[in-house]
Each structure stands twice: as structure tokens, then as C-alpha cells.
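**Student:** How does the following fold in three dimensions:
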Amino acid sequence: MIETRVLKQFVVVAEVLNFHRAAEQLHMSQPPLSVAIRQLEEKLGVTLLIRDRGGVTLTPAGEAFLAHAREMLHAMSAGIHHVRNVARGMAGKLTLSSVSLASYPRLLAVLRQFRQTYPQVELVIKEMPSALQINAVQRGDVDLAFIRKPAQSVKACRLTHFVSEEILLAVPTDHLLASHSTVDLPALATEDFVFTPPALGEGYYHHLMGLCQQAGFYPRIVQEAAQLSTLIALVSCGFGVALVPESVAKTVANQNVRFVTLTALGDVPRVDLFMLHGETRPDTSVPLTNFLAILDATT
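**Tutor:** Okay, the predicted model is just below:
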């Protein structure tokens, strides 16, 4: 292994082609410099410089090694600069996941500001169901997830509330309830329902089930859909009605579906979205810490 110090010394000698001037530039005396270059040649097993009274001349091997030495020094300098940027959170990688990224303007605003503030940080964004996000955070594949509340506590992770939104009724436009401005949940007792599978988010699934049971009925589920866009498409085809977050109504447009305000026991039912990350991640991932700081400052 050749020391960086020796590479720098050789480059200076090769560029000025004079040991005395090279020693002055390096702020050292000439004899140790001459010894260092000689030891470098011995280590490589080649002659790099021809020394004579007229000065110093590079051999073909010396010219080739000069190009290589410059590349190594440049790579070392770039590597040090990158490592320092990573330590400051100016570089590195941040992986986020969400049930539906486009549904939340606040999250989009934070993403925009983060990219502008930290352009050298690689930002990876994934959309996936809540259950898969939880597993991804636990494996360390995702730094920060935006999920529906899980059915049970998630070990070694921190869960923080992000946003609350209304639950709306999605019905085909030719449905009798489509003309209503508000529908009371018990009125849906005899309807067919389209649901997302519980395996993709048990907390969200049980939350909707609990609302229906409080309203006095158990929903008759005739079809399941893994994606909310597919669920809305099935509603448009007349498979049944669906209970969906209000963010879906803003982002999944379908001219054959109408979204109607719900009431349940006199209140408007709501569902929450949470942030999930490993308990120690903010202390070890500077990009995540910086992202959360922007999020906290954004309303």
C-alpha cells in the first residue's frame, strides 16, 4: 500500500521536475524527499525518474504512474468530501414509503423542500400497503414509512401521528345514495361492500369493521381489491359501495363514482395516517433527521 503522502510528493516532483523546488512546495527538506521517491521506486520495482545535473525527467513508467497517482489522489479527495457530506446529511440516501404519496399535499411539500435543500441526497420513494411498509421498516429497507395505524404495536419502532382525514362513502353515480349529501352509516347495512384485504393493513381493516359493527351491522364483503384505485373501479362497475379516506376522493377520479359524506352515531368517522421509523434511526441517519426537521416545521 502506497501512502497518500508519498503519492502527493511524487506528483509535485513530477510536475516541477526539480527536487529542490518540489521540496520547497512541500515545505520539507530535499534529502527526505529524495529518499521517499527512491523508496517508492523500489516498492514499485520500476524507475520513475531519471536524475541528472540538468534536473529530472520522467520515464515512460513515471508518466504512466503520474496519471495513476493523480487519479488516486482525486478519488481520495472526492471520497473524503462525500463522507463529510454524508456526516452532515448533505449526501447519502433516504428511503421513504407511503400508502399513497400523491394524496397528501403536506408530504409533497416536504419532499419538494428536502430535494431543494439536500440535492445530493438520493431520495427513494416507494408506494406499498401498510403491512408491507411495517416489514420494510423493521428490515431496515425503509427509513420512514407513512402508514395506517397497525393492529398491534410494532417492536423497536416509533409511531407518530401525521394526519387525520374523513372516511367517505364511495358509490356508483346511478346508486340511490349518490344523490344524498350525507349518508348515515347504519343505512348501509344491506349494501354489498368492496374492501381492501386485511393482510395489507389489519389496523385499517379492523377500524372500518369496527365502525360498521358500532352502526349495528357486519359489512357484506363481495369483493376485495389490493389497490384503492382498483377498489374505486370496482365500485364504478357496480360491485358494491366502499368506505375510503377522503384523500382517495382527491386523487382517484372516476366519473362513475360519487363520494358522499358519512356520519356514524352523530359524528363524521375519521381515519389516521402515522409515521413509522426505527427508534434509533434519527440518531444514526442524518438525512432522516433533516427530513423530520423539515416536516416538523411544515404545517
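**Student:** which residue sits closest to residue 287 in space, ignoring its chain neighbours?
**Tutor:** Of all residues not flanking residue 287 in the chain, residue 94 sits nearest, at 4.1 Å (CB to CB, 6 or more residues apart in numbering). The C-beta positions use only the backbone N, C-alpha and C, and glycine is treated the same way.
**Student:** what's the spacing between the helix or strand encompassing residue 110 and its chain's center?
**Tutor:** Following DSSP states H and E, the helix or strand that holds residue 110 is helix 105-117. Offset of helix 105-117 from its chain centre (CA atoms, centre = their mean, to the nearest Å): 12 Å.
**Student:** Listing request: residues of the protein with sub-threshold pLDDT.
**Tutor:** Along the chain, segments meeting pLDDT under 70 span 54, 78-91, 102, 280-284, 299.
**Student:** what about residue 295, which helix or strand?
**Tutor:** Using DSSP H and E, residue 295 falls in helix 286-297.
**Student:** what's the burial count for residue 115?
**Tutor:** 11 (other CB atoms under 10 Å).
**Student:** count of neighbours near the residue nearest to it when sequence neighbours are not counted?
**Tutor:** Spatial nearest neighbour of residue 115, excluding adjacent residues (CB to CB, 6+ apart): residue 123 at 6.3 Å. Other residues lying near residue 123 total 15 when counted by other CB under 10 Å.
**Student:** again with residue 244
**Tutor:** By other CB under 10 Å, the residues close to residue 244 number 25.
**Student:** how far away is it from residue 162?
**Tutor:** 18 Å (CB to CB, to the nearest Å).
**Student:** Residue 250 should be in a helix, yeah?
**Tutor:** Yes - Residue 250 forms part of a helix when assessed by DSSP: H, G, I helix; E, B strand; the rest coil.
**Student:** measure the closest residue to it other than its chain neighbours to residue 119 for me?
**Tutor:** Distance criterion CB to CB, 6+ apart; nearest residue to residue 250, sequence neighbours excluded, is residue 103 at 6.5 Å. Computed as CB to CB, the residue 103 to residue 119 distance reads 25 Å.
**Student:** out of the two, which sits in the more crowded spot?
**Tutor:** Neighbours were counted for residue 103 and for residue 119 using other CB under 10 Å; residue 103 has more, 22 against 10.
**Student:** Name all residues that make contact with the more buried one.
**Tutor:** 245, 247-248, 250-251 (CB atoms under 8 Å, 6 or more residues apart in numbering).
**Student:** Which one of the residues you listed is nearest to residue 150?
**Tutor:** Nearest to residue 150, judged by CB to CB, of these is residue 245 at 16.2 Å.
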